[in-house]
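Peer 1: What follows is a predicted structure for the sequence shown.
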Amino acid sequence: MPLYEHRCAECGDFAAMRSMARYQEPAACPACGASSPRVLISAPALASMSGVLRKSIEVNERSAHAPRSSSGGHGMSCSCCKTGSKAGSLPSRTVKGADGSKRFPSARPWMISH
C-alpha cells in the first residue's frame, strides 16, 4: 500500500498508509483524531536507487533475454580468434596446430593460454 502525506491543522504533518482507491479521502490524525486532508509535501522517490545499482539491474535484465554471443569463440574481444582481415589491423600472432591447439610463439612465455 502506498504511503500518503496528510496535514493536521493542530498537530502538523503525518504519513498514512492507505489503499490507492482511498488516496483522495482525508485521514484521521494519529495524535488528535481530526480529519486531515492529503497534501504533497515531498517529491516522489522515483529514482531513489544509486546509478551503479540501476545500471547493474539494467544489464542483468537485458542479458536475461538477449545474451551477447561470441559465435563459438572465446569472447567478443579475444585477440587469438581475430583475423587480420580489416584494413590497418595487425595479423594474428596465433599458430594453430593440426589438432586444433593454439600457440602464441611471440607472446610472453609465462602466460597460460586458454
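Peer 2: Sure thing, it's come through.

Peer 1: contacts, neighbours, all on C-alpha from now
Peer 2: Noted.

Peer 1: Okay, now the unreliable bits of this protein?
Peer 2: Across the chain, the ranges flagged by pLDDT under 70 are 44-48, 62-92, 104-114.

Peer 1: And the strands in it?
Peer 2: Taking DSSP state E as the test, the strands found in the chain are 3-8, 12-17, 27-28, 35-36, 95-96, 102-103.

Peer 1: between those, which gets nearest to Val52?
Peer 2: Of all these, strand 3-8 sits nearest to Val52, with 26.6 Å by Cα to Cα.

Peer 1: Now do the closest one: everything it contacts.
Peer 2: With Cα atoms under 8 Å, 6 or more residues apart in numbering as the test, strand 3-8 has contacts from 13-18, 23, 26-27, 29, 34-41.

Peer 1: mind running it again at 10 Å?
Peer 2: 12-20, 23-24, 26-42 (Cα atoms under 10 Å, 6 or more residues apart in numbering).

Peer 1: try stretch 24-38
Peer 2: Against stretch 24-38 from outside (Cα under 10 Å, 6+ apart): 4-18, 23, 39.
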